[in-house]
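>>> The amino acid sequence is not available; the structure is as follows:
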């Protein structure tokens, strides 16, 4: 049973895809509901989970009217699931969080404030990297205050669970389900086409690194990154090589140093 969206229009819509997230989804949901910026709606979309995800979300939705719960009729994958959220969200700003990640309480307040001040259509923040137990497993990932299309080719500094975009962006841009790194591709398209981004250097989120997840498979990620450079963005071979080498170096620094 789905919970209908509230009649009042929130400032921020938060989109959370969920698939077999029973272990962590409540931590993610409560981190959104506890934001100091509370004028929000949380749209949780279940992608045909086979565990107890739906039961957990339904219980949480009964406790807070800001939660809307949607179930996909078939397993659609994370890109199409996020796009489905974009079809129904109503906020002036749209934020994304994965069902196993966690936000710090001031995240939305900080990022929306920076977007209002700068006029940027995209914002992001620094984050910690944690394991299944919520323990830090690597050094914090600190982001720059600003980025460009060229710098993003070399290193993706925007974790999807840190991203906030303006509603006007979604009139034309969506997540590409044909791309493995669908969020990275979207940020690149926005920067390439003249949209600006602003970063909060404060650590405002925890990104959970899980064994067996897409993020954990570095070899496959590297192959897909090369495909983005050459096939999707159609960069020249030299430009792709330079970007790929820079990506590799930044990856080593992020995950192994």
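Sure, I can see it. Please read these numbers as outputs of a predicted model, since none were measured by experiment. Residues are numbered from 1 along each chain as shown.

>>> I'd like the next helix or strand past the lengthiest strand in the chain.
Ranked by residue count and defined by DSSP state E, the top strand of the chain is strand 197-208. Where DSSP states H and E defines the elements, the next helix or strand beyond strand 197-208 is helix 218-227.

>>> centre of the chain versus that following helix, how much separation?
The chain centroid and the centroid of helix 218-227 are separated by 19 Å, computed with Cα atoms, centre = their mean, to the nearest Å.

>>> got the contact list for residue 189?
Counting by Cβ atoms under 8 Å, 6 or more residues apart in numbering, residue 189 makes contact with residue 173. C-beta here means a position set from N, CA and C on the backbone, and glycine is covered the same way.

>>> Show me the helices in the stretch 51-200 of the chain, by range?
Ranges of helices in the stretch 51-200 of the chain, per DSSP state H, counting those that start in this stretch, are 53-63, 78-88, 107-118, 149-154, 182-192.

>>> how many other residues sit next to residue 116?
10 (other Cβ atoms under 10 Å).

>>> what about residue 250, neighbour count?
14.

>>> do the same with residue 123
26.

>>> any low-confidence regions in this protein?
Where the chain drops to pLDDT under 70, the residues are 1-7, 212-218, 251-257.

>>> so which of the helices of the stretch 51-200 of the chain gets nearest residue 37?
helix 107-118 (4.0 Å; Cβ to Cβ).

>>> hmm, who's touching stretch 107-124?
Stretch 107-124 has contacts (Cβ under 8 Å, 6+ apart) with 11-12, 35-37, 40, 93, 95, 125, 143, 157-159, 162-166, 168-169, 187, 190-191, 195-200, 202, 204-205.

>>> Show me which parts of it are buried, residue by residue.
Within stretch 107-124, the residues that count as buried by 16 or more other Cβ atoms under 10 Å are 107-108, 110-112, 114-115, 120-124.

>>> Kindly report the same for stretch 151-171.
For stretch 151-171, the neighbour count (16+ other Cβ under 10 Å) marks 152-167, 169 as buried.

>>> Now tabulate the helices of the stretch 51-200 of the chain in CSV and tack on distance to residue 16.
Shown next, in CSV, are the helices of the stretch 51-200 of the chain (distance: least, Cβ to Cβ, whole Å):
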stretch, distance to residue 16
helix 53-63, 9
helix 78-88, 8
helix 107-118, 14
helix 149-154, 24
helix 182-192, 14
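
>>> Residue 234: which of those is closest?
Between the helices of the stretch 51-200 of the chain, helix 182-192 lies closest to residue 234; by Cβ to Cβ that is 11.3 Å.

>>> Can you give the distance from that closest one to the centre of its chain?
Centroid separation for helix 182-192 versus its chain: 12 Å, with Cα atoms, centre = their mean.

>>> now swap in stretch 129-141 and tell me
Worked out by Cα atoms, centre = their mean, stretch 129-141 lies 17 Å from the chain centre.

>>> Quick one: end-to-end distance for that stretch.
This stretch, stretch 129-141, spans 7 Å end to end (Cα to Cα, to the nearest Å).

>>> Use 760 as the first number for this chain going forward.
Right, with 760 as the first residue, what we last looked at is stretch 888-900.

>>> How about residues contacting it?
782, 786, 861, 885-887, 918, 962, 965-969, 1013-1014, 1016.
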